[in-house]
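**Student:** fold the following for me, if possible:
(one chain, ligands or ions: 1)
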Amino acid sequence: MKRNGMCPICYLKRIFVKSRPSSVKPSYEDYQNGVAATPPMGWSSWNTFRNRINEDMIYEMALALKQQGLDEAGYRYINLDDNWQSSERDDEGNLIGDRETFPSGIPALTDKINALGLKLGAYTSNGTLTCEDLPASLGRERQDAYTLAQWGIEYFKYDFCHNLRISSYAPLIYSISISRGGKSTEYTVQNARLSGLARYMTDKKLPNGRYASGLDKRYGTLSYDNIEVEEDGEYVLTINIKKHGQYEKYLIANVNGKEYEIFFPPQKHHNVTGRFQTVVTLKAGKNSVELYNPITSGADSEMYQYRRMGMALKEGAERVAKERGESVKPILFSICEWGFGKPYNWGAKAGNQWRTTPDIRPWWWWIKMIYNHNVKLYKYSGVGHYNDPDMLEVGNGKLSYNQNVSHFSLWCMMNAPLILGNDLRTMSEQVKAIVTNKNLIAINQDPLCKQAKRVKKGGVDALARPLADGRVALALFNKTSRKRNAKFDLKRLVEDEYVGLKPQTEYTLVEQWSGERLASNGKIAVSLEKCQTKVYIIE
Ligand code: GLA
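**Tutor:** Numbers count the residues shown, from 1 in each chain. Have a look, this model is predicted:
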């Protein structure tokens with residue numbers, strides 16, 4: 001780490017600062033946009049079609065979804081993944097659909113999809129470009145979110161390619177000013193309270209001869225408690241800095257508890273000082289402004305960037321509703337950073353769901369690997385906020401019947417978004433029967449929204465989740481490639497607080513794929529084909 005103007009002793013001391021609050025376990029409220037009370041269900045273009053998409057086939061897929069009765073089973077979203085957009089923005093800098101493959105434009109497609117009673121989803125990346133190197137939204141969050149809202153997009157997947165990490169350095173500040181309508185008040189750092197490793201430093205070339213350093217990486221904070229204004233309203237907050245260092249810097253201005261981001265480019269030194277601004281809301285009377293850089297890791301950077309987009313989507317949807325005098329059409333926010341920054345720690349504060357792993361493929365060993373990671377994260381899933389083990393591969397590749405059944409069963413048990421990735425126009429009856437299985441979908445869509453916990457691990461895993469009506473769903477998953485006889489004692493589910501099966505002397509277990517009924521006094525013995533999963537509701 002660069003010293004970045006820190007006092008030499010502070011620079012040494014920082015090694016011993018262990019108690020900095022971590023922003024990846026933030027105290028923010030959960031992200032609430034009024035959608036996804038149960039996991040979303042739909043279809044996405046990526047798994048089968050990659051970059052071979054166009055407006056006609058997307059519409060055909062929506063028609064097929066309806067014709068196959070998938071909408072009745074609960075599938076509602078038709079999601080454009082990468083490659084829907086032109087490599088060029090329009091003259092106002094707005095995203096536009098690919099001029100060749102989506103010539104009618106995205107709003108026209110939304111209308112057609114909505115006319116079928118379905119919702120359209122779109123995609124970009126939390127980077128300078130998407131994974132297919134097309135325009136993306138980092139730094140243009142508000143503009144793009146507003147465009148998507150104007151188009152009537154109702155699901156937005158935000159990828160992580162071409163991401164640029166937020167700097168963990170803070171600028172060297174000598175004063176701040178609050179201005180409005182030509183009237184400005186300057187507050188030098190001498191008026192502020194310093195905490196942590198923030199220190200006053202001397203520089204005779206500065207107007208007030210002093211600046212504050214040590215605001216990097218949550219090491220220190222500069223606080224003004226007495227910013228007084230006469231009226232409520234929006235004011236310009238200017239951060240006056242001593243130029244230093246050819247690298248980017250970043251600052252949060254926390255104004256009465258609300259965080260505003262301010263970006264500082266690498267600094268050239270033609271002048272000693274520079275000024276950077278944002279607009280903040282102040283209230284009549286005393287206000288508090290705290291300045292710090294909270295970025296201590298890549299995960300922190302991601303959380304701030306994904307939250308920025310999540311907030312922009314909410315604002316965009318609200319703005320469009322207000323302009324049109326309509327009710328708000330919320331946009332489901334799907335975070336896709338492949339599990340890199342442990343998004344289960346912060347995803348619920350930023351969006352509705354977060355990918356937990358790298359991309360799924362229609363390979364059985366890979367699907368098991370994804371399951372094996374995602375299943376451990378059961379505690380983080382809940383109403384409106386889901387672990388996303390990626391879109392379904394049911395019906396793709398060379399997956400066998402049992403593998404397709406297991407894949408679907410596990411995703412249902414794990415409270416996962418059910419986003420199909422196969423060609424709905426040519427789907428076999430067998431695949432259709434799997435993805436429309438009402439019993440399994442009912443488990444996935446259970447309003448309690450508890451992800452199944454793995455209660456037994458082995459050649460056959462046992463997963464259980466409590467349901468809203470007090471019953472329990474139990475899945476037995478044969479991970480091996482040979483037939484297995486599995487024994488399981490329901491007592492485990494009674495003893496497990498998370499599952500909370502009610503103790504009874506007699507249980508009836510109803511298998512949800514076959515309808516087979518099993519009476520038991522607590523112990524069960526089940527035979528499973530290779531790769532097979534049986535899912536029981538315990539009554
Ligand atoms: C990433 C995502 C995929 C898909 C592609 C599109 O790899 O994880 O799900 O969206 O980008 O380019």
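
**Student:** leaving out chain neighbours, which residue sits closest to whatever residue of the stretch 401-539 of the chain ends up closest to the ligand?
**Tutor:** As assessed by CB to the nearest ligand atom, the ligand sits closest to residue 421 within the stretch 401-539 of the chain, at 9.3 Å. For every residue, glycine as well, the C-beta is placed using N, CA and C. Using CB to CB, 6 or more residues apart in numbering and skipping the chain neighbours, the partner closest in space to residue 421 is residue 47 (2.7 Å).

**Student:** report pLDDT for the one you found.
**Tutor:** Looking at residue 47, its pLDDT is 98.

**Student:** element containing it?
**Tutor:** Per DSSP states H and E, residue 47 falls inside helix 46-49.

**Student:** the residue nearest to residue 421 is in contact with residue 393, isn't it?
**Tutor:** Yes. With contacts defined as CB atoms under 8 Å, residue 47 counts as touching residue 393 at a distance of 6.1 Å.

**Student:** any residues in contact with both of the two?
**Tutor:** Taking CB atoms under 8 Å, 6 or more residues apart in numbering as the contact rule, the neighbours common to residue 47 and residue 393 are 360, 362, 421, 422.

**Student:** list the contacts of stretch 404-414.
**Tutor:** Contacting residues not belonging to stretch 404-414 are listed as 367, 371, 374-375, 378, 381, 387, 389, 392-395, 399, 418, 430-431, 434-435, 437, 440-441, 443-444, 451-452, 463, 465, 473, 475, 477-478, 513, 531-533, 535 [CB under 8 Å, 6+ apart].

**Student:** how far is that stretch from where the chain is centred?
**Tutor:** Its chain's average C-alpha position is 22 Å from that of stretch 404-414, according to CA atoms, centre = their mean, to the nearest Å.

**Student:** could you do stretch 140-154 as well?
**Tutor:** Centroid displacement of stretch 140-154 relative to its chain, using CA atoms, centre = their mean, is 17 Å.

**Student:** am I right that residue 149 sits in a strand?
**Tutor:** No. In this structure, residue 149 is helix, not part of a strand, as judged by DSSP: H, G, I helix; E, B strand; the rest coil.

**Student:** number of residues surrounding it?
**Tutor:** Using other CB atoms under 10 Å as the criterion, residue 149 is surrounded by 26 other residues.

**Student:** my guess is it contacts residue 320. True?
**Tutor:** Yes. With contacts counted by CB under 8 Å, residue 149 reaches residue 320, the gap being 4.3 Å.

**Student:** what sits in contact with each of those two?
**Tutor:** With contacts defined as CB under 8 Å, 6+ apart, the residues shared by residue 149 and residue 320 are residue 329.

**Student:** and the helices in the stretch 251-400 of the chain?
**Tutor:** Under the criterion DSSP state H, counting those that start in this stretch, helices of the stretch 251-400 of the chain are mapped to 298-324, 347-350, 364-374.

**Student:** same question for the stretch 51-200 of the chain.
**Tutor:** With helices called from DSSP H, counting those that start in this stretch, the stretch 51-200 of the chain shows them at 55-67, 70-73, 106-115, 141-151.

**Student:** how many neighbours does residue 92 have?
**Tutor:** When counting by other CB under 10 Å, one arrives at 7 neighbours for residue 92.

**Student:** ok, now the one 4 residues further on?
**Tutor:** By other CB under 10 Å, the residues close to residue 96 number 17.

**Student:** what's the answer for residue 176, then?
**Tutor:** The local packing count at residue 176 equals 24, with neighbours defined by other CB under 10 Å.

**Student:** please apply the same query to residue 283.
**Tutor:** Burial of residue 283 is recorded as 12 neighbouring residues (other CB under 10 Å).

**Student:** my guess is it contacts residue 256. True?
**Tutor:** Yes. Judged on CB under 8 Å, residue 283 makes contact with residue 256 at a distance of 6.8 Å.

**Student:** what about the residue nearest to the spatial centre of the chain, distance to the ligand?
**Tutor:** For the chain, the residue lying nearest the average C-alpha position, counting by CA atoms, centre = their mean, turns out to be residue 335 (2.8 Å). When CB to the nearest ligand atom, to the nearest Å is the yardstick, residue 335 and the ligand sit 11 Å from each other.

**Student:** what sits closest to that residue if chain neighbours are left out?
**Tutor:** For residue 335, the nearest residue in space outside its immediate sequence neighbours is residue 354; the separation is 4.1 Å by CB to CB, 6+ apart.

**Student:** burial count for that neighbour?
**Tutor:** Neighbouring residues of residue 354 were enumerated by other CB under 10 Å; the total is 30.

**Student:** picking that back up, which one of the shared contacts of residue 47 and residue 393 is nearest residue 307?
**Tutor:** The shortest approach to residue 307 among the shared contacts of residue 47 and residue 393 belongs to residue 360, at 25.6 Å (CB to CB).

**Student:** show me what contacts the closest one?
**Tutor:** In this structure, residue 360 makes contact with 47, 366, 367, 370, 389, 390, 391, 393, 421, judged by CB under 8 Å, 6+ apart.

**Student:** may I have the phi/psi pair for it?
**Tutor:** phi -70, psi 150 (degrees, to the nearest 10).

**Student:** look up the closest residue to it, ignoring the ones flanking it.
**Tutor:** Nearest in space to residue 360, with sequence neighbours left out and distances taken as CB to CB, 6+ apart, is residue 390 at 3.8 Å.

**Student:** OK, contacts around the residue sitting furthest away from the middle of the chain?
**Tutor:** Distance from the C-alpha centroid of the chain, by CA atoms, centre = their mean, peaks at residue 204 (46.9 Å). In this structure, residue 204 makes contact with no residue, judged by CB under 8 Å, 6+ apart.

**Student:** over to the one 10 residues further on?
**Tutor:** With contacts defined as CB under 8 Å, 6+ apart, the neighbours of residue 214 are 5, 6, 7, 10, 194, 196, 197, 198, 199, 220.

**Student:** okay, those in JSON lines with distance to residue 314 and pLDDT next?
**Tutor:** Below are the contacts of residue 214 laid out as JSON lines (distance: CB to CB, whole Å; pLDDT from 0 to 100):
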{"residue": "5", "distance to residue 314": "37", "pLDDT": "95"}
{"residue": "6", "distance to residue 314": "37", "pLDDT": "95"}
{"residue": "7", "distance to residue 314": "41", "pLDDT": "94"}
{"residue": "10", "distance to residue 314": "39", "pLDDT": "94"}
{"residue": "194", "distance to residue 314": "35", "pLDDT": "97"}
{"residue": "196", "distance to residue 314": "32", "pLDDT": "93"}
{"residue": "197", "distance to residue 314": "35", "pLDDT": "95"}
{"residue": "198", "distance to residue 314": "33", "pLDDT": "96"}
{"residue": "199", "distance to residue 314": "38", "pLDDT": "97"}
{"residue": "220", "distance to residue 314": "32", "pLDDT": "94"}
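
**Student:** look up how far residue 299 lies from the residue nearest to residue 335.
**Tutor:** Remark: distance between residue 354 and residue 299 (CB to CB, to the nearest Å) = 12 Å.

**Student:** pLDDT wise, what is the residue farthest from the centre of the chain at?
**Tutor:** The pLDDT attached to residue 204 in the predicted structure is 97.

**Student:** what's the burial count for the residue of the stretch 401-539 of the chain closest to the ligand?
**Tutor:** Residue 421: 22 surrounding residues under other CB under 10 Å.

**Student:** tell me the pLDDT of it.
**Tutor:** For residue 421, the pLDDT comes out at 98.

**Student:** my guess is it contacts residue 44, does it?
**Tutor:** Yes. Checked against CB under 8 Å, the pair residue 421 and residue 44 is within contact range at 5.9 Å.
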